[in-house]
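J.: With the input below, show me the fold.
(one chain, ligands or ions: 1)
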Amino acid sequence: MNATPTKRLRLAVLLTGSGTTLENLFVQREAGRLPADIVFVVSSRADAYGLKRAEKYGVPSAVIERKKFILPEEFSEAIFKALESHKPDLVCLAGFLSLLQIPPAYQHRVINIHPALLPSFGGKGYYGNKVHEAVLAQGCKVTGCTVHFVDNEYDHGAIIAQRAVEVREGDTVETLAERVQEAEREVYPEVIRLYAAGRLKPDRRAVRILPQIG
Ligand code: GAR
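T.: Residues are numbered from 1 along each chain as shown. Down below sits the predicted model:
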């Protein structure tokens, strides 16, 4: 992972639900703002609307249901085995709600976007609107989103990028979620561009962003 010029990435996307994050990646790609092709989508639920979005864009998908496995290790093994033949450079979690065990070959090759400023409001049970509910219940004045490398714990891997979002008087879960997702739609593609350019350098708990060359 060094600062090499941007190469076109093969992306695999893992999701569980509606797939608005996947949709944004498709939109960004079509607009020429993502140096990447989405080559494969995996859903951990058979009824995820994200699967329909993959179909709309002609991208192959698979369903690997979390409920069919007891241990996260077995589930993860099935996921990474399914990815193998698609040869992804980078795996993007997009509203994917299950714990993974990352094989050594995928270390620093799996990223996630979380709808809060980690390490606050992260971990098991903190996903989607539950995060925004908790932020409002705490009376926080600022929230945001975080992109991080994925390790074997929920929302725990090294932080790559964060965007702060102001919590406004009178915000509801819906209004806050909308503004956080607006930030997500910018920062996730931005991180993918940095990854493609070889500008992310993990350094223990941190990730350094290398300067642009040329
Ligand atoms: C996003 O807000 C994302 O941050 C969140 O799910 C939403 C997207 O779902 N992810 C998590 O909460 C992960 N812990 P979608 O792409 O299915 O619409």
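
J.: Show me the strands in this protein, by range?
T.: For the chain, the strands defined by DSSP state E cover 9-15, 36-43, 61-63, 90-93, 110-114, 142-149, 159-166, 200-203, 206-209.

J.: For those, could you give me a markdown table that also reports mean pLDDT?
T.: Shown next, in a markdown table, are the strands of the chain (pLDDT from 0 to 100):
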| stretch | mean pLDDT |
| --- | --- |
| strand 9-15 | 98 |
| strand 36-43 | 98 |
| strand 61-63 | 98 |
| strand 90-93 | 98 |
| strand 110-114 | 98 |
| strand 142-149 | 98 |
| strand 159-166 | 98 |
| strand 200-203 | 96 |
| strand 206-209 | 97 |
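
J.: and these as a markdown table, adding mean neighbour count?
T.: Where C-beta positions appear, they are placed from N, C-alpha and C, glycine not excepted. Shown next, in a markdown table, are the strands of the chain (neighbours: other Cβ atoms under 10 Å):
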| stretch | mean neighbour count |
| --- | --- |
| strand 9-15 | 24 |
| strand 36-43 | 22 |
| strand 61-63 | 16 |
| strand 90-93 | 24 |
| strand 110-114 | 24 |
| strand 142-149 | 22 |
| strand 159-166 | 17 |
| strand 200-203 | 15 |
| strand 206-209 | 14 |
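
J.: so where's this structure uncertain?
T.: 1-5, 214 (pLDDT under 70).

J.: Tell me the span between the first and last residue of stretch 60-76.
T.: One end of stretch 60-76 to the other measures 19 Å (Cα to Cα, to the nearest Å).

J.: For the protein, list the residues in contact with the ligand, please.
T.: Proximity of the chain to the ligand is confined to 15, 17-21, 50, 94-95, 113-115, 127-128, 131, 181, 184 under the rule Cβ under 6 Å from any ligand atom.

J.: Buried among those residues? Need that as a selection in PyMOL.
T.: Applying 16 or more other Cβ atoms under 10 Å to those, the buried members can be selected in PyMOL as follows:
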select buried, resi 15+17+18+19+20+21+50+94+95+113+114+115+127+131+181+184
